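A.B. asks: Here is my input, please return the structure:
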Amino acid sequence: MKVVFMGTPDFAVKSLRALFGSGREVVGVFTQPDRPRGRGRRVAPTPVKEQALEYGAPVFQPETLRGGAALSALEELAPDMIAVTAYGKLLPPEILALPPLGCVNIHGSLLPKYRGAAPVQRAIMDGETVTGVTSIFMAPGLDEGDIILSRNTDIGDGETFGQLYERLGEMGARLLVETADAIEAGAARAAAQDSSAASYAPPITKQDAVIDWTAPADAIIRKIRALDPRPAASADMCGTRMKLFAARRADIGAGDCGKPGDVLAESREGIAVACGDGAVLITELQAPGGARMAARDYLRGHSLARARETRA
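C.D. replies: Next comes the predicted model:
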């Protein structure tokens, strides 16, 4: 089976490795163009490009899949199947119709739930306890194609986006090979999605990452988990904009709290902040220009409570 692979981030690298490991002929790899990344904003290749070059696979980085150039390249590659994992672009109808065995997508949710760009983060934010990966035959609509296979997994208590993303990436890689095996054997049985059960996972915005201290403690803690390690939840704490990475409920009753956002206590355990139904204990954070660290280490040289008193 000749396969063209399309993907961009680390999540997709695992699927690309699995395809090569399965012995299939990967005739080309499509990924997003190189873009500035990191603090220095240096132009860097995508993780998928780096992996593809290690395998010696031809790499294509079109700004768009429309206009004919991408289609011409794919026609020349003549794949039997196109495999897509977290590519970041919709495939136009003429490309969807090109490979005789179809275009297959691996998605990081149990479709039809959480169609869209941020299924892992949104599932954690919403308090889901189970998620998974799904393979579909791609259709013009966003993640709307017929389901081939799916595999589920529990979301662990306290599991962060980074941890779950890593696990789902491995699951998705195995599912891609399993799906390709079924298609190649003529044994794939696809079923239409129940659109009435669909939900959407739009990209995470800067505003999504801001903590609303009037929210319940559990919702705040889930948001912090869902955005760890990136883009990281953020909050104004006594005039300092902090990134927050780990938190749990503080042992403070609602009647003992000030108004939401007030720093109530500082200790070796962390920083207790009032919220909508009690308090949240921040145990890991990052100050502007600083490194990610335990809250107790930050408190060795700083005091948010004293900063609040000074401002008052």
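A.B. asks: And the helices in the stretch 51-200 of the chain, which stretches?
C.D. replies: Here the stretch 51-200 of the chain has its helices, by DSSP state H, counting those that start in this stretch, at 69-77, 93-96, 119-125, 161-184.
A.B. asks: sorry, that was for the stretch 201-312 of the chain
C.D. replies: Counting by DSSP H, counting those that start in this stretch, one finds helices in the stretch 201-312 of the chain at the ranges 217-226, 295-299, 304-311.
A.B. asks: Of the helices of the stretch 51-200 of the chain, flag the one that's most buried.
C.D. replies: Ranked by mean neighbour count, the helices of the stretch 51-200 of the chain are led by helix 119-125 with a mean of 24 (mean count of other CB atoms under 10 Å). For every residue, glycine as well, the C-beta is placed using N, CA and C.
A.B. asks: got the contact list for it?
C.D. replies: Here helix 119-125 makes contact (CB atoms under 8 Å, 6 or more residues apart in numbering) with 107-109, 113-114, 116, 131, 155, 159-161, 164-165, 168, 201-202, 204, 219, 222-223, 225-227.
A.B. asks: Stretch 73-82 too?
C.D. replies: For stretch 73-82, the surrounding residues in contact (CB under 8 Å, 6+ apart) are 1-6, 27-28, 58, 60, 62, 91, 95, 98-104, 180, 183.
A.B. asks: same thing but at 6 Å, please
C.D. replies: Here stretch 73-82 makes contact (CB atoms under 6 Å, 6 or more residues apart in numbering) with 1-4, 27-28, 60, 98-101, 103.
A.B. asks: Just the buried subset of the residues you listed, please.
C.D. replies: The neighbour-count criterion (16 or more other CB atoms under 10 Å) marks 1, 3-4, 27-28, 60, 98-99, 101, 103 among those as buried.
A.B. asks: From those, which one has the minimum pLDDT?
C.D. replies: Across the buried ones among the contacts of stretch 73-82, the bottom pLDDT score, 95, is held by Met1.
A.B. asks: shouldn't it be in contact with Glu184?
C.D. replies: Yes - look at Met1 against Glu184 with CB atoms under 6 Å: they come within range, at 5.3 Å.
A.B. asks: coming back round to it: which among the buried ones among the contacts of stretch 73-82 gets closest to Arg17?
C.D. replies: Val3 (13.1 Å; CB to CB).
A.B. asks: Wait, that closest one touches Val26, no?
C.D. replies: Yes - assessed by CB under 6 Å, Val3 is found in contact with Val26 at 5.4 Å.
A.B. asks: give me the beta-bridge partners of Val133?
C.D. replies: With DSSP bridges as the criterion, Val133 is bridged to Arg151.
A.B. asks: Count the residues that sit near it.
C.D. replies: 27 (other CB atoms under 10 Å).
A.B. asks: same check, this time on Arg268
C.D. replies: 8.
A.B. asks: Dihedrals phi and psi, it?
C.D. replies: phi -60, psi -20 (degrees, to the nearest 10).
A.B. asks: out of everything not next to it in sequence, what's closest to Gly38?
C.D. replies: Residue nearest to Gly38 in three dimensions, not counting chain neighbours: Ala44, with 7.2 Å by CB to CB, 6 or more residues apart in numbering.
A.B. asks: before we move on, back to that, I'd like the helices of the stretch 51-200 of the chain as JSON lines, with distance to Met237 and mean pLDDT appended.
C.D. replies: Supplementary listing: the helices of the stretch 51-200 of the chain in JSON lines, determined by distance: least, CB to CB, whole Å; pLDDT from 0 to 100:
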{"stretch": "helix 69-77", "distance to Met237": "47", "mean pLDDT": "97"}
{"stretch": "helix 93-96", "distance to Met237": "48", "mean pLDDT": "97"}
{"stretch": "helix 119-125", "distance to Met237": "21", "mean pLDDT": "98"}
{"stretch": "helix 161-184", "distance to Met237": "22", "mean pLDDT": "98"}
